[in-house]
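# Would you be able to build a 3D model of this:
(chains A and B)
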Amino acid sequence: MIIHHPILGPRDAQEFVYLGDASLIDRPDGMTAGIEEFHEYLYQRTNPAGEHRELWYHEQGDRSWLVVTRNTVTHEITKVELARDVARSRGRSK
Amino acid sequence: MRYSGFRVIAEALTGHKGWKPVWRDPAPQAEYDYIIVGGGGHGLATAYYLAKEFGQSRIAVLEKGYLGGGNVGRNTTIIRSNYLLDGNEPFYEFSLKLWEGLEQDFNYNAMVSQRGIINLIHTDAQRDAFTRRGNAMRLHGADAELLSREQVRKMYPWLNFDNARFPIKGALMQRRGGTVRHDAVAWGYARGADMRGVDLIQNCEVTGMRIENGRIKGVETTRGYIGAKKVGVAVAGSSSKVMAHAGMRLPIESHVLQAFVSEGLKPLIDGVMTFGAGHFYVSQSDKGGLVFGGDIDGYNSYAQRGNLPVIEDVAEGGMALMPAIGRVRLLRTWGGIMDMSMDGSPFIDKTHIEGLYFNGGWCYGGFKATPASGWCFAHLMAKDEPHKTATAYRLDRFLKGRMIDEKGQGAQPNLH
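Numbers count the residues shown, from 1 in each chain, chains lettered A, B, ... in the order given. Below you'll find the model as predicted:
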């Protein structure tokens, strides 16, 4: 698989480490969320067959975190964003 | 029709005209007591044991494609019970005991071959870990032996014993481990279930579940609605897809695992060998092909095919261990979809919906578990309480802090 890094251009997926569903960006607030909410966040997955937004880490490159939109049935990648931009657009890191 | 040596001779003398189809091809009835979703190894075994051991009837197995067309036909056929943790070892040892009597039990030749499995040791720390594992196995009634470097050399003198990074220092051996003809397991269970009146319904995909007042009423399928008192789902690889029909999310990711077979060779490896440090394991099939594999690809996938980096990684592992295979050609590679759970261990449990049961999360180790998985799932569905060897496989174990994490990797499914 080739991941089109928004800054570095096309890179081999071998340069990356895979973390999982991009919903892992939305960590609940540790001061207010309860056990059930953290259980849902940490352990439960939607695991779709089809379009999947997921976190990849460019370990052998610029060490940026990316949000890759990829089809889990065909492995086709349709969108790559910097995770930083995605997190900010969701109101994180204010 | 019972199979026997006498039957083979009688058929040979009469032109093989007496053989009949091994199972019926029934149309679905309007309602059953039990519906098993998934006609793979685990689903067929569940139906077989429900009928045979738990005396149940009015059972159907619904299969989206053809019987045994999923992971039971795509694995590398290894059986073993070399686990460490209390939640796992009794279950897998129960499974190995069932394998030992399986062919007589279902009157079908599954070519169960207890040719032994060794896990190679390269460091003192690894020897300590394997000694502990071997002791845990023996405490649960399984067999385990620690082999010295010289004992391993006697078995496989052509291994690379002095690899600079991973010199071979010994092995943990389970002599009762081995291989089984995987397709025959599905066929044997299917035939055994069919003979006891189970309806095996193929080309019948579950497209929805009818749930009223917290209770399952039946399933919508591509062959119409089918009512059921109890529904058990055993569709590892596609668990999240099927359980989504019940509105459930699972602690599971689907990942692709690749496997490989080489061209046929003369006898080279008479057992099963794992080179965990090099992410490689191998056995030799009865046709002579080396059957081997390594890690999962590591990203969510439902594609039943992987990518080249893992093929390269597995080939490197094989070459590091066995330089002699350098010019052996690869015959086939393929992929199967694994339910990778959050602690690397499976689930056999009720759900919050009355009458709906779940069996899945087998990671890359489901084949060896087939008989016990079927038995324990049948036990759970028939008696509404877990079998004594499967009490830990609960869906809520992450919430309760009762993980069964053999590798100690935490909630990172692609590392288990």
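
# got the contact list for stretch B:191-203?
By CB atoms under 8 Å, 6 or more residues apart in numbering or on different chains, the list of residues contacting stretch B:191-203 from outside reads B:22-29, B:32, B:39, B:44, B:47-48, B:50-52, B:57, B:59-67, B:106-108, B:190, B:222-223. The C-beta positions use only the backbone N, C-alpha and C, and glycine is treated the same way.

# switch the cut-off to 6 Å
Taking contacts as CB atoms under 6 Å, 6 or more residues apart in numbering or on different chains, the residues outside stretch B:191-203 that touch it are B:22-24, B:26, B:28, B:44, B:47-48, B:51-52, B:59-63, B:66, B:106, B:190.

# got it, and stretch A:29-43?
Stretch A:29-43 is touched from outside by A:28, B:251, B:342, B:398, B:399, B:411, with contacts defined as CB under 6 Å, 6+ apart.

# And stretch B:13-28, by the same measure?
Defining contact as CB under 6 Å, 6+ apart, one finds that stretch B:13-28 is touched by B:11, B:190, B:191, B:194, B:199, B:200, B:201, B:223, B:226.

# Derive a PyMOL selection command for the buried subset of the contacts of stretch A:29-43.
The buried subset of the contacts of stretch A:29-43, as determined by 16 or more other CB atoms under 10 Å in any protein chain shown, is captured in PyMOL by this line:
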select buried, chain B and resi 251+342+398+399+411
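
# ok, residue B:356 to residue B:53 distance?
Using CB to CB, to the nearest Å, residue B:356 is found at 22 Å from residue B:53.

# ugh, wrong one, I meant residue B:313
If you measure residue B:313 against residue B:53 using CB to CB, the figure is 42 Å.

# I'd guess residue B:243 is in a helix, am I close?
Yes - secondary structure of residue B:243, determined by DSSP: H, G, I helix; E, B strand; the rest coil: located in a helix.

# Now list the buried members of the contacts of stretch B:13-28.
Under a neighbour-count criterion of 16+ other CB under 10 Å, the subset of the contacts of stretch B:13-28 counted as buried comprises B:190, B:191, B:194, B:199, B:200, B:201, B:226.

# does the last one sit in a helix, a strand or a coil?
Using three-state DSSP as the criterion, the local structure at residue B:226 reads strand.

# For it, list each beta-bridge partner.
Here residue B:226 sits in beta bridges with residue B:219, as judged by DSSP bridges.

# which ones are touching it?
Listed by CB under 6 Å, 6+ apart, the contact set of residue B:226 reads B:28, B:218, B:219.

# repeat that for 8 Å
Residues in contact with residue B:226 (CB under 8 Å, 6+ apart) are B:28, B:29, B:30, B:31, B:32, B:35, B:60, B:62, B:218, B:219.

# Number of residues surrounding the fifth one?
What that stands for is residue B:32. Neighbourhood size, residue B:32 [other CB atoms under 10 Å in any protein chain shown]: 25.

# Also the third one?
For residue B:30, the count of nearby residues is 9 (other CB under 10 Å).
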